[in-house]
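K.L.:
give the three-dimensional model of this entry:
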Amino acid sequence: MNITARIAQQLHETVQGHGFHGQSLRELLEGVTAAQAITKPIPGSHSIWETLLHIHVWLELCADACAGDPIPPWPFEIEKDWPPPSGNEADWKRDVEATYASAERLRQAFAKLGDARLETLVPGRDYDFFLLLSGEIQHTIWHMGQMLVVKKAISAQHSAFSQ
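P.N.:
Prediction:
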C-alpha cells in the first residue's frame, strides 16, 4: 500500500472505523439528537453540531484542494468556517451524513493523488499535501475531543436534572 493510500485509510479510521486514538466520529455521534447536538453546556464552547459543521467545512476544503481548487486565504468569514446549525432534527441527520460523505470524498481524492504529489504545494497554501491530510486528520481528532467533552457535560447535566 502506498503512503497516500495509508494516510487516506487513517482518515477513514478516524471518521468511520476504529481509530488508534479511540472512538471514530461515527461512534462518537451515535445516538446524539439534534437537541443534544445544539446544546452548549460549557460557557464559551461550541456545540457538537457547530463543531461537526466546522469539521465538514474543512473536509470539503481539503477535498477541493486535492482537485486543484485553492483553499481560501486565512482568515475567512466566521460563518464559512463555523456555519450556524439550524436546530432541526432532519437537518442534524443530513449534516452528519454530509460530513461522513465529505470525509469519504477526501479519502478517495487523497488516495488518487499518489505519492508523487505528496510534497507538492496545496493550492492557496505554503505547505504540501502530506501536511494537508495528516493535519486534517489531527484537526478532526482535536475537534472530536472537544465534542466528547461537550457530550459528557450534556450527559452530566441530564443526570443531575433527572435526580
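K.L.:
check contacts around the residue nearest to the spatial centre of the chain.
P.N.:
Closest residue to the average C-alpha location of the chain: Ile55 at 2.9 Å, with C-alpha atoms, centre = their mean. Residues in contact with Ile55 (C-beta atoms under 8 Å, 6 or more residues apart in numbering) are Leu25, Thr99, His139, Thr140, His143. Any C-beta I mention is one placed from the backbone N, CA and C, and that applies to glycine too.
K.L.:
and for the second one, the neighbour number?
P.N.:
Other residues lying near Thr99 total 23 when counted by other C-beta atoms under 10 Å.
K.L.:
the host helix or strand of it packs against which elements?
P.N.:
Following DSSP states H and E, one finds Thr99 within helix 89-113. Secondary-structure packing of helix 89-113 (3 or more C-beta pairs under 8 Å, 6 or more residues apart in numbering; DSSP states H and E): helix 3-15, helix 25-29, helix 34-38, helix 48-66, helix 129-161.
K.L.:
so which bits of that helix are buried?
P.N.:
Neighbour-count burial for helix 89-113, counted by 16 or more other C-beta atoms under 10 Å, picks out 92, 95-96, 98-100, 102-107, 109-111, 113.
K.L.:
same thing with stretch 75-90?
P.N.:
For stretch 75-90, the neighbour count (16+ other C-beta under 10 Å) marks Pro83, Pro85 as buried.
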